[in-house]
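Chemist: This is the structure alone, sequence omitted:
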């Protein structure tokens, strides 16, 4: 694979875990993703700047079309999570802040409120990390979360990501207060091969 021309990289746009179909956005995903987003706004608001107001279906569709283009250009790899049984959209994840030269990726994620607490996000993140290691030759995979976001931290901890440190007062939260960020990682040759 060429780090000089990531657009030439060929890898699957879709893969599966035991209960989930994990894939890049497609045209027409707007209504399903919008429904999941709107349902989850109260839980997302403290952590996600984009969750300040409910988007329209059209806004969600446009956002997903841009995300698909970024996926195709290999700039950001957003992934949507759908149940194999019934096909409901239950959240979003992906590989972000990509450094193709170092083969470094950050996994971000959110889950639909009505599907939280059932292990779906842990299953999705595990599958995405395996995908990054296998298909993208990842050398480093990170998970970053606000120190107060215990649920996100638990996903990283359950999957054996190492807490490397806390970036103190490294960003402003959606409410304008200073926030600190946990940085978890897995590295090739240490936590995976």
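Modeler: That came in fine, so what should we check first? Treat the numbers as computed from the prediction; the structure is a model and nothing was measured.
Chemist: When you work out contacts or count neighbours from here on, use the C-alpha atoms and nothing else.
Modeler: Noted.
Chemist: chain center to the strand or helix carrying residue 68: distance?
Modeler: Here residue 68 is covered by helix 57-72, with elements defined by DSSP states H and E. Taking Cα atoms, centre = their mean, to the nearest Å, the mean C-alpha location of helix 57-72 is offset from the chain mean by 15 Å.
Chemist: low-scoring stretches of the protein, by residue?
Modeler: 1-3 (pLDDT under 70).
Chemist: Go again with 90.
Modeler: Applying pLDDT under 90 to the chain picks out residues 1-4, 49-50, 52, 173-176, 193.
Chemist: Contact partners for the spatially most central residue of it?
Modeler: For the chain, residue 93 is the residue whose C-alpha lies nearest the centre (Cα atoms, centre = their mean; 2.4 Å). Listed by Cα atoms under 8 Å, 6 or more residues apart in numbering, the contact set of residue 93 reads 78, 79, 80, 81, 107, 108, 109, 110, 125.
Chemist: what about the fourth one, how many residues close to it?
Modeler: When neighbours are defined as other Cα atoms under 10 Å, residue 81 has 29 of them.
Chemist: so residue 167 sits in a strand?
Modeler: Yes - secondary structure assignment (DSSP: H, G, I helix; E, B strand; the rest coil) places residue 167 inside a strand.
Chemist: show me what contacts it?
Modeler: Applying Cα under 8 Å, 6+ apart to residue 167 gives the contacts 180, 181, 182, 183.
Chemist: mind listing the helices for the protein?
Modeler: Shown for the chain, the helices assigned by DSSP state H span residues 30-44, 57-72, 120-135, 150-158.
Chemist: Do I have it right that residue 55 meets residue 38?
Modeler: Yes - counting by Cα atoms under 8 Å, residue 55 does reach residue 38; the two are 7.5 Å apart.
Chemist: Of all the helices of the chain, which one is nearest residue 15?
Modeler: Taking Cα to Cα, helix 120-135 is the member of these nearest to residue 15, at 8.2 Å.
Chemist: coming back round to it: for the helix holding residue 68, buried residues please.
Modeler: Applying a neighbour-count criterion of 16 or more other Cα atoms under 10 Å, the buried positions in helix 57-72 are 57, 60, 61, 62, 64, 65, 67, 68, 69, 71, 72.
Chemist: Contact partners for residue 73?
Modeler: Here residue 73 is in contact with 6, 7 (Cα under 8 Å, 6+ apart).
Chemist: Same check on residue 108?
Modeler: 93, 94, 95, 96, 143, 144.
Chemist: Keep only those of the residues you listed that are in strands.
Modeler: If you go by DSSP state E, the contacts of residue 108 have 93, 94, 95, 96, 143, 144 in strands.
Chemist: Go through those residues and say which is closest to residue 150.
Modeler: Closest approach to residue 150 among the ones in strands among the contacts of residue 108 (Cα to Cα): residue 144, at 11.7 Å.
Chemist: Is that closest one in contact with residue 183, as I believe?
Modeler: Yes - the criterion here is Cα under 8 Å, and residue 144 meets it with residue 183 at 4.7 Å.
Chemist: For the nearest residue to residue 22 once chain neighbours are set aside, name its beta-bridge partners.
Modeler: Spatial nearest neighbour of residue 22, chain neighbours left out: residue 81 (4.9 Å); criterion: Cα to Cα, 6 or more residues apart in numbering. As for beta bridges, residue 81 partners with residue 22, residue 91 under DSSP bridges.
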